[in-house]
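Enquirer: give the three-dimensional model of this entry:
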Amino acid sequence: LPVEEPQLGNAVFPGYGVVLRSQWNTPRETSVHCIMGDFYTDHRGSSSGELMIYALGVPLSLGWENMYSPHNPTPYSRCGLVPGKALSIAWNADLPSVYEPAEPWDWKTQRQDAFASFRDSAWAKMSSGAKEGDLKWTRQVASVHPDPACPLLLIRDTLEGGRATEPMIFNMHLVAEGPVETAAGAVAPGEAFWDVNDKNKQKPPAGGQAHPMPAGLNKFAFKGQQFGKVGETPAIDFDLYSLAQDAREFCLGSWGHNVSQGAHVDNVFRPVNGRPYELRQHLLHIKGAGDFNTLIVPRRKGAAAPAVTREGEAFKVAMPGGTALLYADGYTYVGADKAVATAFGAVPVAADGLSVEGGPTEVVHDKKAGTITFMAHGPGGKRFVGVPEGKWQAQDKALAWDAAAKKWGLDYEGGKPGETKPRTIMLNEGEP
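Expert: Numbering: from 1, shown residues only. Modelled structure (predicted):
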């Protein structure tokens with residue numbers, strides 16, 4: 001093993017998955033592990049688009065970590081979408097077994113469509129066809145962290161094809177405890193647990209009472225679980241926001257098990273937590289037709305929650321150091337000392353004198369240092385960057401002033417995920 005710190009960051013594994021990671025090996029480390037692609041077959045279960053999340057060094061959404069007992073192939077306890085037609089029971093009912101419903105997505109059609117790694121964010125995109133009928137699901141995941149103390153996690157699910165208007169259920173497992181504050185008030189999740197030591201206490205995932213979810217921005221306030229000792233081991237709470245054009249429904253269930261997959265797991269878990277190993281998670285289900293736009297905002301227990309509002313089709317997050325706007329195709333951040341404009345696709349993004357267009361690009365203005373950092377990644381093509389007025393000098397001749405566009409331009413070679421690296425160029429403010 002290497003002696004040096006590995007300095008882990010964003011990473012792509014073509015055909016298999018993506019890791020979006022920031023603040024490696026610090027108390028603020030945040031990572032999203034995404035299963036995206038068709039290479040993963042053995043013990044796959046219903047893992048299409050599955051997410052595992054750590055925020056500020058603490059688990060927020062975990063894989064179930066069980067293999068054979070209890071076998072858990074149901075997509076209803078994973079982080080993904082399930083067409084309503086795939087269910088043989090009411091969408092909010094307790095599952096009759098851990099095998100229902102069956103995986104609705106054809107993993108052989110799943111593609112890792114895009115990946116972009118930047119200094120203050122990262123983004124990945126996948127798509128999958130359904131096993132039955134004309135239906136394509138696209139999932140985009142972004143980790144946005146211009147303020148490392150307040151990471152923002154964005155999940156965007158869109159649908160295409162003849163079945164795209166059918167009711168779908170968005171599902172997410174979350175490391176939380178107790179009632180959840182919602183638009184319908186405090187909601188206690190339905191409870192179910194699989195006790196590996198008692199066959200009479202082996203229950204599949206529980207559903208919960210269906211509640212109305214009005215159109216617009218809806219907040220779900222979760223209390224994160226405390227691992228280790230209070231005051232010694234960091235813990236988080238987190239808010240999940242869902243933005244929809246129409247009224248929907250939601251329910252909260254749960255599941256858990258005590259299968260440690262060997263004494264080595266319990267031998268680590270028990271001394272730290274003072275109890276035998278168990279994994280329990282809330283299950284959030286949202287039923288509706290059309291796209292699902294989700295934002296997760298974690299924070300330390302006891303810290304004030306950032307204010308989140310809706311601005312058009314964007315999430316607006318007011319943080320101590322600045323304000324972020326998260327769109328379908330990028331985000332902006334504006335603060336006293338820093339401004340960021342980032343495009344995840346071809347749609348232009350602009351804020352505070354900065355603008356980007358032409359493909360995945362991030363531009364960061366450090367107002368104190370008087371520098372602008374430009375990063376391009378993803379598919380090749382011409383990138384254009386607008387900057388505030390000033391006497392800016394590019395530190396690489398590849399970034400040239402385009403008089404016609406009145407912007408800086410770069411011919412970025414680009415490439416497929418895993419086959420290309422980000423291109424970084426600095427601009428300094430100084431004499432021409």
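Enquirer: number of nearby residues for P271?
Expert: P271 sits with 8 neighbouring residues when counted by other Cβ atoms under 10 Å. Just so you know, the C-beta spots here come from the backbone N, C-alpha and C atoms, and that holds for glycine as well.
Enquirer: how far away is it from Y277?
Expert: Here P271 is placed at a distance of 11 Å from Y277 (Cβ to Cβ, to the nearest Å).
Enquirer: please apply the same query to L81.
Expert: 30 Å.
Enquirer: of these two, who's got more company?
Expert: The neighbour count for L81 versus Y277, taken as other Cβ under 10 Å, is higher for L81 (24 against 18).
Enquirer: let me know whether the more buried one touches I155 as I believe.
Expert: No. Counting by Cβ atoms under 8 Å, L81 stays clear of I155, with 10.5 Å between them.
Enquirer: shared neighbours, the two?
Expert: Counting by Cβ atoms under 8 Å, 6 or more residues apart in numbering, the contacts common to L81 and I155 are 139, 292.
Enquirer: what's near enough to touch W24?
Expert: Listed by Cβ under 8 Å, 6+ apart, the contact set of W24 reads 5-9.
Enquirer: how close does P205 get to L399?
Expert: P205 sits 52 Å away from L399, going by Cβ to Cβ.
Enquirer: and these two? which has more neighbours close in?
Expert: Remark: of P205 and L399, P205 carries more neighbours, 25 against 21, as counted by other Cβ under 10 Å.
Enquirer: so what pLDDT did that one get?
Expert: If you check P205, the pLDDT there is 95.
Enquirer: okay, helices next: where are they in the stretch 151-300 of the chain?
Expert: 263-273 (DSSP state H, counting those that start in this stretch).
Enquirer: would you map the strands across it?
Expert: For the stretch 151-300 of the chain, the strands defined by DSSP state E, counting those that start in this stretch occupy 152-160, 168-174, 176-182, 185-187, 211-213, 216-224, 236-244, 248-257, 279-288, 292-300.
Enquirer: nearest to P96, out of those?
Expert: Comparing those against P96 with Cβ to Cβ, the closest turns out to be strand 248-257 (13.5 Å).
Enquirer: can you show me the CA trace of the closest one as PDB?
Expert: Once non-C-alpha atoms are left out, strand 248-257 reads as follows in PDB (Å, rounded to 0.1, in the frame of the first residue of the first chain):
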ATOM      1  CA  ARG A 248     -48.400  14.200  -5.700                       C
ATOM      2  CA  GLU A 249     -48.500  11.800  -2.800                       C
ATOM      3  CA  PHE A 250     -45.900  10.500  -0.400                       C
ATOM      4  CA  CYS A 251     -45.500   7.900   2.300                       C
ATOM      5  CA  LEU A 252     -42.800   7.000   4.800                       C
ATOM      6  CA  GLY A 253     -41.900   3.400   5.600                       C
ATOM      7  CA  SER A 254     -38.800   1.700   7.000                       C
ATOM      8  CA  TRP A 255     -36.700  -1.400   7.100                       C
ATOM      9  CA  GLY A 256     -33.800  -2.800   8.900                       C
ATOM     10  CA  HIS A 257     -31.800  -6.000   9.700                       C
END
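Enquirer: picking up where we left off before, to N72, which of the strands of the stretch 151-300 of the chain lies closest?
Expert: That would be strand 248-257 among the strands of the stretch 151-300 of the chain, by Cβ to Cβ, at 8.2 Å.
Enquirer: quick one: mean pLDDT over that closest one.
Expert: The model assigns strand 248-257 a mean pLDDT of 97.
Enquirer: try stretch 64-76
Expert: Here the average pLDDT along stretch 64-76 is 77.
Enquirer: check stretch 292-307 too.
Expert: Stretch 292-307 comes out with an average pLDDT of 97.
Enquirer: C-alpha coordinates for it, PDB please?
Expert: Output of stretch 292-307 as PDB, limited to C-alpha atoms (Å, rounded to 0.1, in the frame of the first residue of the first chain):
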ATOM      1  CA  PHE A 292     -38.600  14.100 -10.100                       C
ATOM      2  CA  ASN A 293     -36.300  16.900  -8.800                       C
ATOM      3  CA  THR A 294     -34.700  16.300  -5.500                       C
ATOM      4  CA  LEU A 295     -32.300  18.300  -3.400                       C
ATOM      5  CA  ILE A 296     -30.600  17.100  -0.100                       C
ATOM      6  CA  VAL A 297     -29.100  19.600   2.300                       C
ATOM      7  CA  PRO A 298     -27.200  18.100   5.200                       C
ATOM      8  CA  ARG A 299     -25.900  19.900   8.200                       C
ATOM      9  CA  ARG A 300     -24.300  19.200  11.600                       C
ATOM     10  CA  LYS A 301     -26.800  18.500  14.400                       C
ATOM     11  CA  GLY A 302     -27.500  21.700  16.200                       C
ATOM     12  CA  ALA A 303     -26.600  23.900  13.200                       C
ATOM     13  CA  ALA A 304     -29.200  26.200  11.600                       C
ATOM     14  CA  ALA A 305     -30.700  24.800   8.400                       C
ATOM     15  CA  PRO A 306     -30.000  26.800   5.300                       C
ATOM     16  CA  ALA A 307     -33.100  28.500   3.900                       C
END
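Enquirer: which positions within that stretch qualify as buried?
Expert: Buried residues in stretch 292-307, counted by 16 or more other Cβ atoms under 10 Å: 292-300, 306.
Enquirer: try stretch 346-366
Expert: By 16+ other Cβ under 10 Å, the buried positions in stretch 346-366 come out as 348-349, 351-352, 354-365.
Enquirer: among the residues you listed, which two are most distant?
Expert: The span of these, defined through Cβ to Cβ, is set by D352 and G359 at 21.1 Å.
Enquirer: which ones are touching A350?
Expert: Counting by Cβ under 8 Å, 6+ apart, A350 has contacts 332, 341, 356, 386.
Enquirer: so for the third one, what's the pLDDT?
Expert: According to the prediction, V356 has pLDDT 97.
Enquirer: that older thread, between the buried residues of stretch 346-366, which sits nearest P234?
Expert: After measuring the buried residues of stretch 346-366 against P234 - Cβ to Cβ - the closest member comes out as V364, at 27.4 Å.
Enquirer: which ones are touching G430?
Expert: Applying Cβ under 8 Å, 6+ apart, one finds that G430 lies in contact with 391, 393.
Enquirer: gap between it and S47?
Expert: Counting by Cβ to Cβ, the gap from G430 to S47 is 51 Å.
Enquirer: likewise for P6?
Expert: For P6, the distance to S47 equals 26 Å [Cβ to Cβ].
Enquirer: swap in E29?
Expert: 23 Å.
Enquirer: show the pLDDT at the spatially closest residue to W401 that is not a sequence neighbour.
Expert: Closest residue to W401 apart from its sequence neighbours, by Cβ to Cβ, 6 or more residues apart in numbering: W408 at 5.9 Å. pLDDT for W408: 96.
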